[in-house]
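Peer 1: task: produce atomic coordinates for the following.
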Amino acid sequence: MNIPSISLSTNFRIPTTITAKTTQLPNHHHQQPKPLKNHLKTTKSQLDEAFHLIQTTNPPSTSSYTTFLSSCIAEKSLLHGQKLYLHLLLNHPTTLLHHPTILSKFITLFCIFPDQLDEASLMLEHAVRNNTYKSMDESIWFALFVGFLDNGYPEKALVVYSEMLHHRVEISGDTGLVIVKAFKGVRDLGFGRSVHSQIVKADKEVDGVIYDALLDLYNGLGSFDEVCKMFETMPKRDVESWKTLLVGFVERNMVLEAFSAFRRMVREGMCFDWDCLVTVLSGCRYVAMLNVVKEIHAQMVKSNEEDDINALNVLLDMYANCGEMEYCMRVFDAMEVKDAMSWNNVLNGYAINGFVGEVTELFQEMLKCGIRPDRLTFSALLTGCSHSGLIDGVQVLFDRMRREFQIEPDLEHYACLVDIYGKGGRIEEALEMVKLMPMEPSDNIYGSLLNSCRLHGHVSLAEEIFEQILELGPNYFKNYIIMSNIYADVGMWEGVKRVRGIMEKRRIRSVDMCSWIQIKDQVYMFVEGLSSKLCNSDEFKKLWDDLNERPDREDTFHGSIDNVRTDWVRGHCERVATVFGLVHCAPGIPIRITSNSLVCKACHSWMKNVSKVTRRMIILRDTDQIHHFHEGKCCCKSYWCSGTIA
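Peer 2: Next up is the predicted model:
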């Protein structure tokens, strides 16, 4: 990458606030810069007296100058710094003025004031142009580097850094640490590697803090391979090193790798903190990994540290996302201190798991304990009602939120109302709610309206809504897929082709539908419509055929934009993951599946039948809620896919 150099002017300018023609010092009554408007008179008087002593001292003392400048910096007195600069310019231009400590303090002082950054740059340029060995001192360059950084000019700071390299200025570890942190906001891997190499060359032993900063830098630059490589070669690792590695894994959805790294961290005797535990736990949000959550929970219990409420709140959320509300409530009941987030996480857990009765009871208990509900509280309450078809309950809660607790509903709250009215067949009321919203509807709200039209067979109304989507221009692929399925449900294949054509024209790509299942220490992924080598065993094929002798074709999913009339029933990845789990999980263990899409009606019906035939609990977490299939029934009572309670 080409790095611009500092612009060197032909003639060095004296700072603009000092007149070059005069040999007299500026009058004390001249107008001061704005930052000095509230300067105390006593401090000003002391600096005046100190400056007078400096002028009359012979021979001049370097320490007195540096002490005086330190006072100017502390008091942010630009005017006194300008006086001293002019004094040295007139009397000691080639000696004291270019002394590394004095010059670096001058630059630091001038950099306090944004409008003086150019003057600070000129000081350094003048020293460079004199080409003395003193101008190569890193403290001078570092002062300007920090000045640009503190004033919000990271690009200019990096130009200073490039000039340091150009002039072969040796960089110490402390300077390198600041430079590394400055690079976090610069998306250029070459810069990062350059700083890394300079730091390694400057010091024989690099401080651990610098290593941690470099790890964080590489992770921020998206070069996780560099993070892993450097981590393995580090002579010594601390908690921050491990934390950066864990964060990198979790950010890339590499949850098992993060957990393996955490186990290794424990084996090597590293004392982890709560942040490490929270980082690994948060990774379980993407896949229902109950075993990992339980093991992290065990580490929390064994820890001698005082309980951390933030970590426990994340633990509550993770148990709920795994469909384990019993464990979630054990943790909740054992907590000595609970905040609003603790209550909200449990409320939301009951809501997404379909236990609306428990949601209502816990909310009443929350009020009795004096915890004031917030936006998240009502999001959980409305979600619970929405998943259970309690239309009247949703409206009561919505009104109570505004009147009793003075909480103005946000987009998520309106989305719950629109969803439940639509699923309940009251689509006209849902549309009216969208019109009355004080904000623009989201893609999810449009999707909810389309899905409601699909449930109740309102093709023409769905077409009107879809035309609005096309006019407004959202490119959320799921809404196009829903519209395609609406046409496919009634055999309007020309409509399917039209939607597909629009998607191709707008370059809207469908995301592969995937399902995951964890078995022991391994996560297996199955992609919609693609065969897997994992399914080639005779045991799998036999069980698959037995469970699909009479496939339910009442709601074939048409998610592929590459095939108009494809029978996807046998390719539904939730089913493949379920059969794989039945084959490889020990008897009696619930089958836990995570899907990145909304489970279709056919798969929902199929899983109810499978849970009855195999007498196994199947827990499926899709993008909307968690379904618990047991003995031929689901906790959602099929409301989500029919608009009526089954």
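
Peer 1: and the helices in the stretch 401-550 of the chain?
Peer 2: Here the stretch 401-550 of the chain has its helices, by DSSP state H, counting those that start in this stretch, at 411-423, 427-436, 443-456, 459-472, 477-489, 493-505, 538-547.

Peer 1: tabulate the ones you listed (CSV), appending mean pLDDT and distance to Asn91.
Peer 2: In this view, the C-beta of every residue, glycine as well, is placed from N, C-alpha and C. CSV is the format used below for the helices of the stretch 401-550 of the chain (pLDDT from 0 to 100; distance: least, C-beta to C-beta, whole Å):
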stretch, mean pLDDT, distance to Asn91
helix 411-423, 90, 68
helix 427-436, 90, 77
helix 443-456, 89, 70
helix 459-472, 89, 71
helix 477-489, 88, 73
helix 493-505, 91, 75
helix 538-547, 91, 91
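
Peer 1: using a markdown table, lay out these together with distance to Phe249 and mean neighbour count.
Peer 2: Converted to a markdown table, the helices of the stretch 401-550 of the chain look like this (distance: least, C-beta to C-beta, whole Å; neighbours: other C-beta atoms under 10 Å):
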| stretch | distance to Phe249 | mean neighbour count |
| --- | --- | --- |
| helix 411-423 | 30 | 24 |
| helix 427-436 | 41 | 16 |
| helix 443-456 | 29 | 22 |
| helix 459-472 | 37 | 15 |
| helix 477-489 | 28 | 22 |
| helix 493-505 | 34 | 15 |
| helix 538-547 | 30 | 14 |
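
Peer 1: can you list the ones you listed in JSON lines and add distance to Gly357?
Peer 2: Supplementary listing: the helices of the stretch 401-550 of the chain in JSON lines, determined by distance: least, C-beta to C-beta, whole Å:
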{"stretch": "helix 411-423", "distance to Gly357": "17"}
{"stretch": "helix 427-436", "distance to Gly357": "25"}
{"stretch": "helix 443-456", "distance to Gly357": "24"}
{"stretch": "helix 459-472", "distance to Gly357": "33"}
{"stretch": "helix 477-489", "distance to Gly357": "31"}
{"stretch": "helix 493-505", "distance to Gly357": "40"}
{"stretch": "helix 538-547", "distance to Gly357": "32"}
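
Peer 1: count the neighbours of His630 for me.
Peer 2: By the other C-beta atoms under 10 Å criterion, the neighbourhood of His630 contains 16 residues.

Peer 1: gap between it and Lys612?
Peer 2: Taken as C-beta to C-beta, to the nearest Å, the spacing of His630 relative to Lys612 amounts to 9 Å.

Peer 1: let's see the helix or strand harbouring Asp333 as PDB, backbone CA atoms only.
Peer 2: Element membership of Asp333 [criterion: DSSP states H and E] is helix 325-334. Taking C-alpha atoms only, helix 325-334 is exported to PDB below (Å, rounded to 0.1, in the frame of the first residue of the first chain):
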ATOM      1  CA  MET A 325     -36.500 -24.300  31.100                       C
ATOM      2  CA  GLU A 326     -36.100 -26.600  34.100                       C
ATOM      3  CA  TYR A 327     -32.400 -25.900  34.300                       C
ATOM      4  CA  CYS A 328     -33.100 -22.200  33.600                       C
ATOM      5  CA  MET A 329     -35.400 -22.000  36.600                       C
ATOM      6  CA  ARG A 330     -32.900 -23.800  38.900                       C
ATOM      7  CA  VAL A 331     -30.300 -21.100  38.100                       C
ATOM      8  CA  PHE A 332     -32.900 -18.300  38.400                       C
ATOM      9  CA  ASP A 333     -34.200 -19.500  41.800                       C
ATOM     10  CA  ALA A 334     -30.600 -19.900  43.200                       C
END
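
Peer 1: show me what that helix is packed up against.
Peer 2: Under the contact definition 3 or more C-beta pairs under 8 Å, 6 or more residues apart in numbering; DSSP states H and E, helix 325-334 sits against helix 290-302, helix 309-321, helix 340-352.

Peer 1: now find how far off-centre that helix is within its chain.
Peer 2: 27 Å (C-alpha atoms, centre = their mean, to the nearest Å).

Peer 1: could you list the buried residues of it?
Peer 2: 325, 327-329, 331-332 (16 or more other C-beta atoms under 10 Å).

Peer 1: do stretch 341-357 as well
Peer 2: Of the residues in stretch 341-357, those scored as buried under the neighbour-count criterion (16+ other C-beta under 10 Å) are 341-356.

Peer 1: now for these: which two are most distant?
Peer 2: Maximum pairwise distance in those, criterion C-beta to C-beta, is 22.0 Å, between Met341 and Gly354.
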